[in-house]
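# Fold the following.
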Amino acid sequence: MPPRKKTDSKKKTPLKEKPKKKMIVKTASKKETSKKAKTVQPKKESKKDSKKAVKLPQLLRGMRDLLPKDEPIWKKMYHVAEEISDAYNYGRIQTPVLEEATLFVKSIGKGTDVVEKEMYVFENKEGSKIALRPEMTASCVRAFMSHGMHVQPQPVKLWYLGPMYRHDRPQAGRYRQFFQYGGEVLGEKNAVIDAELVCMAYNFVRDMGINAQVKINSIGSLEDRAQYIIELVGYLRSKRSYLSEESKKRITKNPLRILDSKDEGDRMVIEDAPQIIDWLSEDSKSYFMSVLEYLDEAEIPYVLEPTLVRGLDYYTDTVFEIFMENSEVSGGNLALGGGGRYDGLVELLGGPKTPGCGFSIGLDRVANIVSAMQQEVGETFLDTKKVFFAHLGDQARRRMLKIIEDLRREGIKVYHNLAKPSLKSQMEIAAKYAVGYTFILGHKEVQDGTIIIRDMDSGTQEIIDQKKIGKAMQRILEKKA
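Numbering: from 1, shown residues only. The predicted model follows:
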């Protein structure tokens, strides 16, 4: 028998295939498809997106930049301040912008807006409270005591020009960092000193080309003021319903500040308020009359302002403000600065009994007015740099740098642009400066030791020796002055 074929017992019998389930494919709508496509597809990065967006730092509110175009007016203000201060024999003082906060709290007064609302106060790493100076008088008094100036020949006469800081509401001509020019006299009480300070403040504004007017008053001694405040408070209480909310708070806290209010309702009440001049002692009246007599002699125009008290607590006797007269530029009377006497301030801050008097002018406001006035008439302050120096070639550029320095040492300043290699581009700059003459130095002139002077109006030229540049410059500047 043929051998039986071995069957694989492990081999399974084939099973019937299960029928495949039909796959139901949901077709997406066009809307869903496009949505899905948008989600899935990676966004192409542009060159701009690939870089991280950097936010440009912004100027803080109430601050501003002073640009090169502003320089002529600010330079003029500095020179006028320096010239006036020198003429009256004042020495310049510079104090730090940071002081102990208590210096200003004690001097200016707790109830004032400056201390309560406007002063920048913070703690340093040692935990002490310090402040950005909101005004200079207190700093000058602190320096007067710190450096033993009370033992020097009296009076001590100081002037300053620098930045102050107040967290005030920004408005026209008022910034949170603002600049002041001012003078302080410590160690002498005499009516002529008060008048001298008024003259300095008035003449500064006038020398800047602004028509100014002085408003002046006397708030008497501390004793005079105490009696007047009793009368004033009684009147204000009777008119309380007509006062602003701010002034209502001040009736018991600091009633004199109400006289300084700009609120229209308050102003109507103030018009009929008792006048402090009626409550002055005979000594205070006599002193004030002497101040006015000195101003009459100096021909300083002034107006008696019975409600003028100034905004700081340390003032006594004479107080004054400098105003710009009615003008289309200012839109009406505009205060530019002020000052007054403060005979108790040194003693209040811990020093010996020392009389004092001072003033300050807001330079930002003055600069804005002068700029507006110049735009009206299309003029600017005269610039002594009436000549442009041009060069052609590297040798001439090197030589020109030396010539500019030599002229500077002789007190002569010129326009130039050493970075520009093209003579044409330099001449275009010279035309923009509207100079009368251009000095041109090229390779040939370097070799010959000469320089070309071109008259920009006529186009004529002359060649001179380089050694005679200084004399030629002086002749031109005198001719163009």
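# quick one: Val205 and Glu325 touch, right?
No: with contact defined as Cβ atoms under 8 Å, Val205 does not count as touching Glu325 (10.5 Å). Placement of C-beta: from N, CA and C, glycine included.
# Quickly list what's touching both of those two.
Taking Cβ atoms under 8 Å, 6 or more residues apart in numbering as the criterion, Val205 and Glu325 both touch Ala212.
# Of these two, which one has the most company?
Using other Cβ atoms under 10 Å, the more surrounded residue of Val205 and Glu325 is Val205, with 23 against 13.
# who's in contact with the more buried one?
Val205 makes contact with Ala212, Ile322, Met324, Leu336, Gly337, Ile361, Val366, according to Cβ under 8 Å, 6+ apart.
# and the fifth one, bridged to which residues?
Yep, that's Gly337 we're talking about. Beta-bridge partners for Gly337, by DSSP bridges, are Ile322, Ile361.
# separation between Ala396 and Ile412?
Distance of Ala396 to Ile412, computed by Cβ to Cβ, to the nearest Å: 19 Å.
# Among the contacts of Val205, which pair sits farthest apart?
Farthest pair in the contacts of Val205 (Cβ to Cβ) is Met324 and Ile361. Separation: 11.5 Å.
# May I have the phi/psi pair for the closest residue to Lys189 other than its chain neighbours?
Leaving aside its sequence neighbours, Lys189 sits nearest to Pro355 (Cβ to Cβ, 6 or more residues apart in numbering; 3.7 Å). In terms of degrees, to the nearest 10, the main-chain angles of Pro355 are phi -70, psi 160.
# go on, Ala212?
phi -120, psi 160.
# if I pick it, what's in contact with it?
So, once contact is read as Cβ under 8 Å, 6+ apart, Ala212 ends up touching Tyr202, Val205, Arg206, Ile322, Phe323, Met324, Glu325, Leu336.
# Next: Met200.
Applying Cβ under 8 Å, 6+ apart to Met200 gives the contacts Ile84, Ser85, Tyr88, Gly183, Phe359.
# closest to Trp279 among those?
Phe359 (24.7 Å).
# neighbours around that closest one, how many?
Residues contacting Phe359 under the criterion other Cβ under 10 Å number 28.
# these two touch, right, it and Val198?
Yes: counting by Cβ under 8 Å, Val198 is a contact partner of Phe359 at 7.3 Å.
# Dihedrals phi and psi, the closest residue to Gly187 other than its chain neighbours?
Leaving aside its sequence neighbours, Gly187 sits nearest to Gln154 (Cβ to Cβ, 6+ apart; 3.2 Å). Main-chain torsions, Gln154, degrees, to the nearest 10: phi -100, psi 150.
# Could you shift the numbering so residue one becomes 15, and keep it that way?
With the count now opening at 15, the last piece we talked about shows up as Gln168.
# Which residues are in contact with Gln168?
Shown in contact with Gln168 (Cβ under 8 Å, 6+ apart): Leu200, Gly201, Glu202.
# Quick check: it vs Asn204, distance?
Gln168 sits at a distance of 11 Å from Asn204 (criterion: Cβ to Cβ).
# ok, now Tyr308?
Distance, Tyr308 to Asn204, by Cβ to Cβ: 10 Å.
# cool, Leu80 as well?
Distance of Leu80 to Asn204, given as Cβ to Cβ: 38 Å.
# same deal with Ser295?
Look at Ser295 and Asn204: by Cβ to Cβ, they are 18 Å apart.
# the more surrounded of the two?
Asn204 (16 against 13).
# separation between the more buried one and Val305?
Distance of Asn204 to Val305, computed by Cβ to Cβ: 10 Å.
# which residues in the stretch 365-495 of the chain form strands?
Remark: strands assigned in the stretch 365-495 of the chain by DSSP state E, counting those that start in this stretch are 370-376, 401-405, 429-430, 451-455, 464-469, 475-479.
# What score does the residue nearest to Ser298 when sequence neighbours are not counted have for pLDDT?
Nearest residue to Ser298, sequence neighbours excluded (Cβ to Cβ, 6+ apart): Gly234, at 4.2 Å. Here, the pLDDT recorded for Gly234 equals 92.
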